[in-house]
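In: Mind folding the following:
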Amino acid sequence: MIERIGANLNLSQKQGTANNNKGFGYYLRNALMEVNRLEKEADTLTKKLAAGENVDLHDVMIATEKANIALQLTVQVRNKAVDAYNEIMRMQV
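Out: Numbering: from 1, shown residues only. Sure, this is the predicted structure:
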């Protein structure tokens, strides 16, 4: 799911000054990739548990909650970015 969002963003990594600072897009891409990784990990553990493999229930629940919290954070960051964009668009120049 997050991979599709990341692909649609078409973020480019911009090189900073001589000390190679990383831009906002770089950090955003890494954050989205981490959310995607957490979701995949939770999904894999859930499937293993459902298939009867030797997976502890508490590990599945922890992985699921980590993925859920990461996704909630991502949604809130998106909401703040949209609010900031809307505020800028309302400014009179």
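In: I figured L45 hits D59, correct?
Out: Yes - counting by CB atoms under 8 Å, L45 does reach D59; the two are 6.3 Å apart. All C-beta atoms are positioned from the backbone trio N, CA, C, and that covers glycine.
In: Compare the two (neighbour count), which wins?
Out: L45 (21 against 13; other CB atoms under 10 Å).
In: Below-threshold pLDDT in this protein: ranges please.
Out: The chain contains residues with pLDDT under 70 at 1-20.
In: Which elements pack onto the helix or strand hosting D43?
Out: Element membership for D43 (DSSP states H and E) is helix 24-50. Contact here means 3 or more CB pairs under 8 Å, 6 or more residues apart in numbering; DSSP states H and E; on that basis helix 24-50 packs against helix 2-9, helix 57-90.
In: so which of those helices comes closest to Y27?
Out: helix 57-90 (10.9 Å; CB to CB).
In: Would you mind getting the angle between that closest one and helix 24-50?
Out: For helix 57-90 against helix 24-50, the angle by axes from the mean of the first three to the mean of the last three CA atoms, to 10 degrees is 150 degrees.
In: For helix 57-90, buried residues please.
Out: 60, 63-64, 67, 70-71, 74 (16 or more other CB atoms under 10 Å).
In: which helices and strands does that helix pack with?
Out: On a contact count with 3+ CB pairs under 8 Å, 6+ apart, helix 57-90 meets helix 24-50.
In: Report the distance from the helix it packs on to the chain centre.
Out: 7 Å (CA atoms, centre = their mean, to the nearest Å).
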